[in-house]
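>>> Sequence first, predicted model second:
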Amino acid sequence: MIAFPTDRSSSPSRRLVISKQRAGALLFAALSGFFIFEASFYPYMDWIGPGSGFFAMWVGSLALVAFLALLILDPVPTLPTSDNQENQASARQSRREVVGTIIFLIVAALLLQPFGFILTCGLLIAALLRLYGARLWVALVSGVIAGPAIFFIFLCLHVRLPVGALGI
Amino acid sequence: METTFAFWVQGISDALQPSNLLFAFLGCVIGTLVGVLPGLGPAAAMAILVPLTYDMGPVPAIVMLSAIYFGTQYGGTITSVLVNVPGESTSVVTCLDGHPMAKSGRGGAALGIAAIGSLFAGLTGTLLLMILAIPLSSLALRFGPVEMFALLVVGLSLVISFRGGSLLAAFAMTLVGLMLGLIGLDPVQGAPRFTFGITSLFDGVQLVTVIMGLFGIGELLLSFEERVPEPITGKINSLLPDRGERKSASLAILRGTCVGFGLGIIPGMAGIVPTFMAYALEKRLAKHPEKFGKGAIEGVATAEASNNAYAQASMVPLLTLGIPGTATLAVMMGAFMINGITPGPFLFVNHPETAWTVIGSFIVANIVLFILNFPLVRVWVNILLIPRRFLQVAILVFCIIGAYTLRNNVLDVLVMILFGVLGYFFKKIDWPAVPLVIALILGPLLERALRQGLELADGDTTVFLTTPTSALLLALAFLIVTFSLFANLKAARAARLLVSHTADKADPTS
């Protein structure tokens, strides 16, 4: 893409996307640089031909160039979207759901083996349903029922799910 | 020829065995369900189910996964027509005329013609696949490492070029996929690379966890920001289109099948491209093009025929050349490899009974899907009434189960969540994830072919240009990328002009 000056019609939301693109490009450029650094410890060539580091060096170098290009070049502008109050309130709610989901998933993954599947799944289901707006009693009842039910279904399918320290 | 015909017959016969029939039916049900449900695509659904197929054996596993793949095409039509939200990306075009038909009380006819068109296209596509399989794989058998490297470069260049959006971003994501594919054991020398002492990484980054993360969790996180309209779930009238509609739709189905298969056979072709092209062609040839976009049954017929023919055609490069063109097919390839079978030219040499049974099951799956969807569409419609939040929670739980049961390892779950966050981020900044997935699976093959080619040529890099087939394929890759680059630049210039023009209209004083 050929570089152009940032278009004056960019809405705040579009400028946010562009800055996220640049942040992503910077992050991946740094990762590519780290990849090249690690690849330098593997042999580039050995006695039979290209070594373990050969392909890695080339791919890493090309990736670094590509992400630096993404960092430097201006992305194509798009038509501005409406930034009215209703959209902003909805965006806040969505962000809460996204961040909450990620946190609950990570916690569930870490609790899976010590707590076991039934307890972890029940807690996860209850927490997620509550986050998505379900009433408290619906979330709790769903968690209590769904955890053991899913465990039993997968048991019948001969799929082993973790049993925790409490034996469930 | 006689041997091939014998294999066809044997393959269909094996596909009709009760166990394979059961798994095909199960796959069709699950696939249709996945297609109906918003927020879960075929790639993520198949990735979740792959661990469950470990004990099934290769043939039932692949039969079920293939049936899921085809089922999602059928299921996606229902949400396209009734909700105006495409269940799958290939069903986007169906919304254009299907939903207007539903709003005017002709939803049943739209779903009916979609099922008929899908059946015709599916069966025709499978027949063409059966005809092309042996000649193409025989051609590829003559490929050595040098030619294979060039062919894989063509495959990756097609994936980059046909994804749409920024070519540079697609290229960068392909390189990320290649880097991820390098984690694990060196495919030539067997030494660990980029594992940082973590033994779980010796097997590399698991394709299934990456796909579940990018396309399961990532898409679901994005769905929190979308408002899904209420479905039209009133009485669905007769599913049979009237005589005039059947007549006008029949040619549309035929043309859609040709376009869908012709373009779908190209590795890397995104499903939406042949569907749009078939629609555009049909509109151009129609007696009343002004009706398109307002409920023209030909629009629904050609779109559905095209996307089902595409689904069959996309199996051709996977089975004969070992090149998956989409994330869904990458999962399929992963499932083959987990069962000790490598798709590609040697599939029909080393495992002919498996290959032909799988292809025979495509015929069975298409017929089962027609039976499931034609009279049972009202049943599927009721699934749309399930509150979305329950479906979202169910998808997340199944993703965790799918990731954990791969190797009973929490690291796989955490990797899946990481890729879920990345998938969400990539979508927000318009970076395509499909090239990453294709490169992840093709990367080790590409590296092995490159290094073996150079070893055979004593390190002479010009071997890739002096070998005629390789030179031709690399020239083709260059042309594809160059053409795509020019098209990209033209689109970017047009987009800038449009945005600038819009800004001038909004603020004439500036």
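That came through fine.

>>> As CSV, could you dump the C-alpha coordinates of stretch A:128-140?
What follows is stretch A:128-140 as a C-alpha-only set of coordinates in CSV (Å, rounded to 0.1, in the frame of the first residue of the first chain):
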residue,chain,number,x,y,z
LEU,A,128,-20.6,-16.3,32.3
LEU,A,129,-24.3,-16.3,32.4
ARG,A,130,-24.4,-13.7,35.1
LEU,A,131,-21.9,-11.6,33.0
TYR,A,132,-24.2,-11.9,30.0
GLY,A,133,-27.2,-10.6,31.9
ALA,A,134,-29.0,-13.7,33.2
ARG,A,135,-30.6,-13.5,36.5
LEU,A,136,-28.6,-14.8,39.5
TRP,A,137,-30.8,-17.8,40.2
VAL,A,138,-30.8,-18.8,36.5
ALA,A,139,-27.0,-18.6,36.5
LEU,A,140,-26.6,-20.6,39.6
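
>>> Give me the contact list for that stretch.
Here stretch A:128-140 makes contact (CB atoms under 8 Å, 6 or more residues apart in numbering or on different chains) with A:96-97, A:100-101, A:104, A:125-127, A:142-143, B:389-390, B:392-393, B:396. Yep, even glycine has a C-beta here, placed from its N, CA and C like the rest.

>>> Check residue 101 and give its pLDDT.
Let's take chain A. Residue A:101 carries a pLDDT score of 95 in this model.

>>> if you could check chain B rather than the one you did, that'd help
At residue B:101, pLDDT is 88.

>>> Now do the SS call for it.
Judged by DSSP: H, G, I helix; E, B strand; the rest coil, the three-state class of residue B:101 is helix.

>>> Tell me, how many residues neighbour residue 37?
Just so you know, I chose chain A. 10 (other CB atoms under 10 Å in any protein chain shown).

>>> could you do chain B instead?
Around residue B:37 there are 24 residues (other CB under 10 Å).

>>> Pretty sure residue B:205 sits in a helix.
No: per three-state DSSP, residue B:205 lies outside any helix segment and is coil.

>>> In contact with it, which residues?
B:180, B:181, B:183, B:184, B:415, B:440.

>>> Please, a PyMOL command that selects the buried ones among the contacts of stretch A:128-140?
To isolate the buried ones among the contacts of stretch A:128-140 in PyMOL, judged by 16 or more other CB atoms under 10 Å in any protein chain shown, type:
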select buried, (chain A and resi 97+100+101+104+125+126+127+142+143) or (chain B and resi 389+390+392+393+396)
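
>>> Out of the contacts of stretch A:128-140, which sit inside helices?
Among these, DSSP state H puts A:96-97, A:100-101, A:104, A:125-127, A:142-143, B:389-390, B:392-393, B:396 in helices.

>>> wait, which of those residues is closest to residue B:240?
residue B:390 (34.0 Å; CB to CB).

>>> any idea how far the closest one is from residue B:273?
Between residue B:390 and residue B:273 the distance is 35 Å, computed by CB to CB, to the nearest Å.

>>> And for residue B:33?
Residue B:33 is 26 Å from residue B:273, by CB to CB.

>>> higher neighbour count, the two?
residue B:273 (20 against 17).

>>> now the helix or strand that one falls within, how far from the centre of its chain.
Assigned by DSSP states H and E, residue B:273 falls within helix B:272-285. The chain centroid and the centroid of helix B:272-285 are separated by 19 Å, computed with CA atoms, centre = their mean, to the nearest Å.

>>> gap between the residue of chain A most remote from its centre and chain B?
Here chain A reaches farthest from its C-alpha mean at residue A:47, the gap being 41.4 Å by CA atoms, centre = their mean. Distance of residue A:47 to chain B, given as CB to the nearest CB, to the nearest Å: 10 Å.

>>> Can you pull the phi/psi pair for that residue?
Note on residue A:47: backbone dihedrals following degrees, to the nearest 10 are phi -70, psi -20.

>>> Next one: it, what pLDDT does it get?
pLDDT for residue A:47: 79.

>>> residues in contact with it?
Contacts of residue A:47 (CB under 8 Å, 6+ apart): none.

>>> can you list the domains in chain A?
A:12-72, A:85-156 (automatic domain parsing).

>>> can you map out the helices along chain A?
A:12-39, A:52-72, A:85-115, A:117-131, A:136-156.

>>> And the stretch 51-200 of chain B, by the same measure?
B:58-83, B:92-103, B:107-141, B:145-161, B:167-181 (DSSP state H, counting those that start in this stretch).

>>> if we look at the shortest one, which residues are touching it?
In this structure, residues lying in contact with helix B:92-103 by CB under 8 Å, 6+ apart are B:76-77, B:80-86, B:107, B:109-110, B:114, B:232, B:272, B:275-276, B:278-279, B:292-300, B:303-304, B:306-307.

>>> Looking only at it, what residues are buried by neighbour count?
B:92, B:93, B:94, B:95, B:96, B:97, B:98, B:99, B:100, B:101, B:102.

>>> next one: the first one
Using 16+ other CB under 10 Å as the test for burial, helix B:58-83 gives B:58-83.
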